[in-house]
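A.B. asks: Prediction below, plus the sequence it came from.
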Amino acid sequence: MGEEAAAGLRRRLADLEAVDAITELPWLPITYGHDGEASIEFHSGYSLNVVAIRGASRMVENQMTDWTTVDRIKLVGIIKP
C-alpha cells in the first residue's frame with residue numbers, strides 16, 4: 001500500500017471513529033452486502049471489509065442488517081487492487 005492509500009486509510013478510520021453508525025457518513029462509498037457485511041472504500045481501488053458485530057445490530061423484517069442501529073463493526077480485511 002502506498003503513502004496515498006495509507007493516508008486515505010487513516011482518514012477513513014478517523015471518519016468511522018467519529019460517528020455512532022456508518023450510515024451517518026452518507027458521502028462515503030459504502031457497499032452493503034448480506035449477513036451484516038459491508039465494504040467501505042478508502043482510496044481508489046482499496047476498501048475495508050467490515051461486518052456488524054453480533055448483538056450490536058438488529059435485523060429488519062427481510063433479515064437484512066439494519067445498519068442505522070449498528071454501533072460496532074469488525075474489520076475483517078482490506079481489498080486492494
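C.D. replies: Right, received. Where do you want to start? Residues are numbered from 1 along each chain as shown.

A.B. asks: Can you report how many residues neighbour the residue nearest to Leu16 when sequence neighbours are not counted?
C.D. replies: Nearest non-adjacent residue to Leu16, counting by Cβ to Cβ, 6 or more residues apart in numbering: Ile22, 6.7 Å away. Bear in mind the C-beta positions are built from the backbone N, C-alpha and C, glycine included. Applying other Cβ atoms under 10 Å, we find 21 residues neighbouring Ile22.

A.B. asks: Ile78 too?
C.D. replies: 13.

A.B. asks: Flag the shaky bits of this protein, pLDDT-wise.
C.D. replies: 54-63 (pLDDT under 70).

A.B. asks: residue ranges for the helices of it, please.
C.D. replies: 3-17 (DSSP state H).

A.B. asks: the strands in the protein, which residues?
C.D. replies: For the chain, the strands defined by DSSP state E cover 30-32, 37-43, 46-52, 58-59, 65-66, 73-79.

A.B. asks: Which of the ones you listed sits closest to Leu9?
C.D. replies: Leu9 sits nearest to strand 37-43 of all the strands of the chain, at 5.0 Å, using Cβ to Cβ.

A.B. asks: Could you export that closest one as CSV, CA atoms only?
C.D. replies: Taking Å, rounded to 0.1, in the frame of the first residue of the first chain, the C-alpha atoms of strand 37-43 are listed here in CSV:
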residue,chain,number,x,y,z
GLU,A,37,-21.1,-7.4,5.7
ALA,A,38,-20.1,-4.0,4.1
SER,A,39,-17.3,-2.7,2.0
ILE,A,40,-16.1,0.9,2.6
GLU,A,41,-13.8,2.5,0.0
PHE,A,42,-10.9,4.5,1.4
HIS,A,43,-8.8,5.1,-1.7
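
A.B. asks: chain center to it, what's the gap?
C.D. replies: Strand 37-43 sits 5 Å away from the centroid of its parent chain (Cα atoms, centre = their mean, to the nearest Å).
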